[in-house]
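Visitor: Generate coordinates for the sequence data below:
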Amino acid sequence: MSAGGAPVPPPANPAVSFPAPRVTLPVGPDILRTYSGAFVCLEIVLGALVWILVASSNVPLPLLQGWVMFVSVTAFICSLLFLGVFLSGVVTQINANWNFLDLAYHFTVFVFYFGAFLLEAAATSLHDLRCNRTMAVQPLLNDNQYNINVAATIFAFVTTACYGCSLGLALRRWRP
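Guide: Numbers count the residues shown, from 1 in each chain. All right, here's what the predicted structure looks like:
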């Protein structure tokens, strides 16, 4: 009881007083009907192609292509998790600014994937570099490795472009 004799209301339940999560993308399978959902699906498929192609070239330049593998596998897993969170509807249960998280994620991955694309292009451009392997001087990449690296470079560029488009869409959603 307060000094005036009126009962004091109980304190508000803190679990109820949280603001609702801010997300403008649809939740569940409806996300696949949006441009953002389509780009995330493309990022997953094309990103998988990049790391499969780089791995199938036997990674002749581990310093350069190791980073490409790291970025492509990490981005693949994170994009799968990102899509899974939206498909499962978990975004409605976690109090976060999902529009900002979407923007930050796609900006970070875009920057890293752009660097990975440049490194893969640099590794591919070293095709005719002659190096001494035991007794014979041979090109750094044989023709099969060169062809695989060209394909990996092209897919890395297209994947980077997909992440750039997702970044643009996320920027549009994030800005008020």
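Visitor: need the helices for this structure, in chain order.
Guide: Counting by DSSP state H, one finds helices in the chain at the ranges 35-56, 62-88, 98-125, 143-174.
Visitor: what comes up buried for the first one?
Guide: Within helix 35-56, the residues that count as buried by 16 or more other Cβ atoms under 10 Å are 36-37, 39-40, 42-44, 46-51, 53-55. Quick note: C-beta positions are derived from backbone N, CA and C, even for glycine.
Visitor: Between those residues, which sits nearest L140?
Guide: Within the buried residues of helix 35-56, the smallest distance to L140 is 15.2 Å, found for V54 (Cβ to Cβ).
Visitor: Out of the helices of the chain, which gets nearest to P7?
Guide: Nearest of these to P7, taken as Cβ to Cβ: helix 98-125 at 40.0 Å.
Visitor: just checking, what packs against that closest one?
Guide: Here helix 98-125 touches helix 35-56, helix 62-88, helix 143-174, going by 3 or more Cβ pairs under 8 Å, 6 or more residues apart in numbering; DSSP states H and E.
Visitor: can you put these in TSV and add mean pLDDT and distance to A122?
Guide: Shown next, in TSV, are the helices and strands packed on helix 98-125 (pLDDT from 0 to 100; distance: least, Cβ to Cβ, whole Å):
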stretch	mean pLDDT	distance to A122
helix 35-56	94	13
helix 62-88	92	6
helix 143-174	93	9
